[in-house]
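In: build me a structure from this.
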Amino acid sequence: MVTISNRFLNYFLLTKPKLTALLLLTALVEALSVYNGNAGVLLALILSVFLSCSGVNAITAYLDRDIDAIMSRTKHRPVPRKAVREKNALIFGTLLLIVGLALASLINIYVLFWGIVGAAFVLSYNYKLKRLTPYNILIASPGGAAPLLGAYSAMTSELISLQSFLLAMLIVFWTPVHIWSLAAFYREDYRKAGVPMLPVVKDREKVINAIAVFTSLYVLTTFAVFSTLSNDAFSLSIVALLNYPLVKLLLKLSDAKAHYKLFKLSNPHLGIVFILYLFLSVGWW
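Out: Model prediction:
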């Protein structure tokens, strides 16, 4: 028997809450770092990002339903295990996205622009790019930066700045590290599903080099981001210590388990970087 609480949980899981929470965190950090004192705009932004990201993620659950049913890592998601009907997942996600974008339009045109851009990049990845090219995630990675760029626009009524651009590049460089590390560990899963991720179609050495390049770009960008706030040795030393585990894992990527460890580390690492950035930008440190 399906209870109301189970049904609610399944629809909640459709939104990929961990991913939504990380994207919401990046937007909130950016909004607070350039906060204009308007609590109403901040609340509207939070709701817009939450609903838009949740909606997009639910739609991707619908778009990936055939792949998810094949892969052992994803076959227990709500749609492939028939806990949520395919059509209902699409309707649910679309409604959330429409409401989220409608809220964005009430803030200003730039926030709406970033919301549409983010949704377009992510949905194009899941609808076509994911199945078309091994460079899929490189093309789609800017989509993950849209929430924080929208947050900047919400607080400043401007399109972009050097500060928001650097934070966006953090996510752009982080995304292939996160996804390729996962795909390298679950290589056979992706191959079985016929998804041409880079770690599936390229030899191990090329994959390791690609992950190393983008991890290095990510690490270097963390220093660039924090240098815009402070050049004092203590702050930059904290950033160096924070990046040490990533660099250490890079030296072990010949071991398949290191790829999974890098994948698991990448999420909290990005979150901690953004939280540390917030503390420094508002003078809490």
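In: ok, E30 touching A151?
Out: Yes. Between E30 and A151 there is a contact under CB atoms under 8 Å: 4.1 Å. In this view, the C-beta of every residue, glycine as well, is placed from N, C-alpha and C.
In: helices along the stretch 1-150 of the chain, start to end?
Out: 4-14, 17-33, 39-63, 65-70, 86-107, 109-124, 130-132, 136-140, 146-156 (DSSP state H, counting those that start in this stretch).
In: give me whichever of those is most buried.
Out: helix 146-156 (a mean of 27; mean count of other CB atoms under 10 Å).
In: output that helix in PDB, but only the C-alpha positions, please.
Out: Coordinates of each C-alpha in helix 146-156 appear next as PDB, following Å, rounded to 0.1, in the frame of the first residue of the first chain:
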ATOM      1  CA  ALA A 146      23.200  29.900 -13.400                       C
ATOM      2  CA  PRO A 147      21.700  29.900  -9.900                       C
ATOM      3  CA  LEU A 148      24.600  31.900  -8.400                       C
ATOM      4  CA  LEU A 149      24.700  34.300 -11.500                       C
ATOM      5  CA  GLY A 150      21.000  34.800 -11.000                       C
ATOM      6  CA  ALA A 151      21.600  35.500  -7.300                       C
ATOM      7  CA  TYR A 152      24.100  38.200  -8.200                       C
ATOM      8  CA  SER A 153      21.600  39.800 -10.700                       C
ATOM      9  CA  ALA A 154      18.800  39.700  -8.100                       C
ATOM     10  CA  MET A 155      20.900  41.600  -5.500                       C
ATOM     11  CA  THR A 156      22.500  44.100  -7.900                       C
END
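In: can you start the count at 46 instead of 1 from here on
Out: Let's use 46 as the start, then, which means that last one is helix 191-201.
In: end-to-end on stretch 201-212?
Out: Using CA to CA, to the nearest Å, the end-to-end distance of stretch 201-212 comes out at 16 Å.
In: run through who's touching that stretch.
Out: Residues from elsewhere that reach stretch 201-212 (CB atoms under 8 Å, 6 or more residues apart in numbering): 71, 75, 78-79, 81, 153, 155, 158, 190, 193-194, 197-198, 213, 266, 269-270, 273, 319, 322.
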